[in-house]
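Q: Can you look at this prediction? I've put the sequence above it.
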Amino acid sequence: MSEHRASGAPGQVKEITSLANPLIKDIKSLSLKKFRDQQNAFIAEGLKLIIDAFELGWSIRTLVFAKAARDNAAVQKAAARTVASGGTVLEVSEKILSAITRRDNPQAVVGVFTQRLMGLSDIRPVSNDIWVALDRVRDPGNLGTVIRTVDAVGAKGVILVGETTDPFSLETVRATMGSIFAVPVAKTSSESFLDWRQGFPGLVVGTHLKGAVDYRTVDYADRPVLLMMGNEQQGLPDALAAACDRLLRIPQAGRADSLNLAVATGVMLFEIRRSALSLAAEDPAV
């Protein structure tokens, strides 16, 4: 699959009626990680997500919209913006959109975007910055929900450590509800992450079943915080747990002895943010 075929000829607007069309085949192939990696591309669904991506400076390769949405003013504007940036616009049937998104009731607009990952060396935490490191996260729904929560709480980004689920899969992007365009994501090996962590200029905390410190008793304010969260099944491995300044626990009142990864990350993030905001309320100079 070539990039030319994946994105079409720049500036074109085409009506496509066949699933056998090479452009459609190439876009459909982006449901597989192999082709996403080859083309450094991914699919996002929904007009709002695409408009948000434009506003955040993302590069769109192809805009695909349902024939029934042709007269929608916002769709027309997005199409014009795509063409102006050198992308391709495809008008298709709902059947083709269903095939691309693997949904029976697809969104009326789909975009193909260029992937964007940041390097660890580009992360320079200051003040009350919050970063989240996820070790070998497996579930795309969990990853997408964490990215969305990071966006909601105003944290700075997500670092994926080890072999993780793809942040640009259809399922992950869907679960982010557009936050994939707002939240920087880095990917790295455990070894490289541990080397980078040595220079982290703040507090490094992780949740752990053996954590001795209640997460609500820690003062997170007035310094960068790195929150490390473990794999859904195994939690933080020993090497990452040893790299934490503090191992924390989220007390459980019921029979369950642990929380879903995305829920636990959300609980931690909002407590960390609350701590920082409390300090700001007490000291106007912060």
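A: Done, it's in.

Q: CA only for contacts and neighbour counts going forward, please
A: Will do.

Q: Would you tell me which helix is longest in this protein?
A: As assigned by DSSP state H, the longest helix anywhere in the chain is helix 261-282.

Q: ok, residues contacting it?
A: Under the criterion Cα atoms under 8 Å, 6 or more residues apart in numbering, residues 128, 142-143, 145-146, 149-150, 153, 155, 215-216, 219-222, 229-232, 250, 286 lie in contact with helix 261-282.

Q: Need the distance between the two termini of stretch 167-186.
A: 10 Å (Cα to Cα, to the nearest Å).

Q: who's in contact with it?
A: With Cα under 8 Å, 6+ apart as the criterion, stretch 167-186 contacts 31-33, 36, 42-45, 49, 52-53, 56, 58, 101, 115-120, 140-148, 150-151, 156-160, 166.

Q: Which of those fall within helices?
A: Per DSSP H, these map to helices at 33, 36, 49, 52-53, 101, 140-148, 150-151.

Q: Contacts only, for the residue nearest to T164 when sequence neighbours are not counted.
A: Using Cα to Cα, 6 or more residues apart in numbering and skipping the chain neighbours, the partner closest in space to T164 is R136 (4.5 Å). Contact partners of R136, counting by Cα under 8 Å, 6+ apart, are L160, V161, G162, E163, T164, T165, G230, N231.

Q: The last one: neighbouring residues, count only.
A: Same thing as N231. 17 (other Cα atoms under 10 Å).

Q: so what's it up against?
A: Going by Cα under 8 Å, 6+ apart, N231 touches L134, D135, R136, V137, R138, L261.

Q: Same question for L47.
A: By Cα under 8 Å, 6+ apart, the neighbours of L47 are V75, Q107, A108, V109, V110.

Q: Next, count neighbours for the third one.
A: Same thing as A108. For A108, using other Cα under 10 Å, the count is 21.

Q: And the strands in the stretch 101-250 of the chain?
A: Remark: strands assigned in the stretch 101-250 of the chain by DSSP state E, counting those that start in this stretch are 109-114, 130-135, 157-161, 185-188, 203-207, 213-214, 225-229, 246-249.

Q: Return the residues in contact with L90.
A: Counting by Cα under 8 Å, 6+ apart, L90 touches V13, K14, E15, I16, T62, L63, V64, F65.

Q: How about the secondary structure of it?
A: strand (DSSP: H, G, I helix; E, B strand; the rest coil).

Q: May I see the buried residues of stretch 255-275?
A: Neighbour counts over stretch 255-275 (16 or more other Cα atoms under 10 Å) mark L261, A262, A264, T265, G266, M268, L269, F270, E271, I272, R273, S275 as buried.
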